[in-house]
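Student: Coordinates for the following, if possible.
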Amino acid sequence: MDRAAYLELPPADRHRAAVDAAVKNARGGSAVVSHLSAAVVHGLPQYRFGERPVEVTLVGPAGGTSRAGLRRHLDALPEGDVVEAGGIVCTSLDRTVFDVARTAPWEMALTCADAALRREAASARRFDAEAQERWRERMRERVDRARGRRGIRRARQVIEFADGRAELPGESVSRLQLHRIGFREIDLQVPVAGPRGSDYLVDIALGEVRSFWEFDGEVKYRDATMRGGRTIEAVVLDEKRREDWIRGVTQWRLCRGGFADIRTPETLAARLAAFGVRPPR
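Tutor: Presented below is the predicted three-dimensional model:
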């Protein structure tokens, strides 16, 4: 494809183009798109996704070697673990989450797991806790069957920590960093009764310290579609009124931050400390 057009694409879209090219140039064989490449094909949101090789899994004890732009894994692939998505033969959503949980950094693994779980347990503003538990039990069984393999302990931790109530990668990573710095009472999408009979939903509540955390991505201000026809100024004013109401009604602190603030546990801890919020001892 045209280089200029390629470079204008977001990183995950560039990777999808690379997946398409790799599949188109494959010379037969049993290679199945897998791991983070399959996550991109399935449309799972990515966190800090940079240039990386296309990942495929081959069945059998031996296969071709990895090379620049292509990483090959050797593994068993039961029939139910292989599907077609968007015209690409790839690992199923469950298998993809499992592979990513075993091999990718925690932040990327949790972002994928939360998003996959959300597809199963959330619809519009309704959340099905029983569906979430069914997903978790199914994934636990998958982990148990793979006992002894590389990354299994981490996969189990990701599955237990995953939560389909997280709506965006920033919320998933915020929750992870909050846990790392010592918070344990972490609740998601917490309703606060609004002034006109409907609820305001707050991203994360920290019950131990009577504080809320909201991930404040720039997209809701800059993206005209998300603004719903409102100007940026109107969106900012609406957010201020909402925030003032939540603080006034609950008497809790409300802290905001973006991607720079959740980059590490330390940056988030510093952001919260600036608002007088510290993890319980």
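Student: I'd like the distance between the residue nearest to the spatial centre of the chain and residue 230.
Tutor: Compute the mean C-alpha point of the chain, and by CA atoms, centre = their mean the closest residue is residue 111, 1.7 Å away. When distance is defined by CB to CB, to the nearest Å, residue 111 is 28 Å away from residue 230. The C-beta positions use only the backbone N, C-alpha and C, and glycine is treated the same way.
Student: same check, this time on residue 162
Tutor: 33 Å.
Student: Residue 256 is in contact with residue 247, correct?
Tutor: No: using CB atoms under 8 Å, residue 247 is not in contact with residue 256, being 11.8 Å away.
Student: which residues in the stretch 51-200 of the chain form helices?
Tutor: 93-103, 106-121, 129-145, 152-161, 169-180 (DSSP state H, counting those that start in this stretch).
Student: which parts of the longest one are buried?
Tutor: The reference is to helix 129-145. Using 16 or more other CB atoms under 10 Å as the test for burial, helix 129-145 gives 132, 135-136, 139, 142-143.
Student: Please enumerate residues in contact with it?
Tutor: Identification of contacts with helix 129-145 by CB atoms under 8 Å, 6 or more residues apart in numbering yields 94-95, 97-98, 117, 120-121, 152, 155-156, 159-160, 162-164.
Student: how far does that helix sit from the chain's center?
Tutor: 18 Å (CA atoms, centre = their mean, to the nearest Å).
Student: tilt between that helix and helix 93-103?
Tutor: Relative orientation of helix 129-145 and helix 93-103, computed by axes from the mean of the first three to the mean of the last three CA atoms, to 10 degrees: 60 degrees.
Student: Can you check what angle separates helix 129-145 from helix 152-161?
Tutor: Going by the same axes, to 10 degrees, helix 129-145 makes 170 degrees with helix 152-161.
Student: export helix 129-145 as PDB, just CAs?
Tutor: Extracted in PDB, the C-alpha atoms of helix 129-145 (Å, rounded to 0.1, in the frame of the first residue of the first chain):
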ATOM      1  CA  ALA A 129     -22.500 -10.500  36.400                       C
ATOM      2  CA  GLU A 130     -23.500 -14.100  35.900                       C
ATOM      3  CA  ALA A 131     -22.300 -14.000  32.300                       C
ATOM      4  CA  GLN A 132     -19.000 -12.600  33.500                       C
ATOM      5  CA  GLU A 133     -18.600 -15.500  36.000                       C
ATOM      6  CA  ARG A 134     -19.500 -18.000  33.200                       C
ATOM      7  CA  TRP A 135     -16.700 -16.500  31.100                       C
ATOM      8  CA  ARG A 136     -14.300 -16.700  34.000                       C
ATOM      9  CA  GLU A 137     -15.100 -20.300  34.700                       C
ATOM     10  CA  ARG A 138     -14.600 -21.200  31.100                       C
ATOM     11  CA  MET A 139     -11.300 -19.500  31.000                       C
ATOM     12  CA  ARG A 140     -10.200 -21.200  34.300                       C
ATOM     13  CA  GLU A 141     -10.900 -24.500  32.700                       C
ATOM     14  CA  ARG A 142      -8.700 -23.600  29.700                       C
ATOM     15  CA  VAL A 143      -5.900 -22.600  32.100                       C
ATOM     16  CA  ASP A 144      -6.200 -25.800  34.100                       C
ATOM     17  CA  ARG A 145      -5.900 -27.900  30.900                       C
END
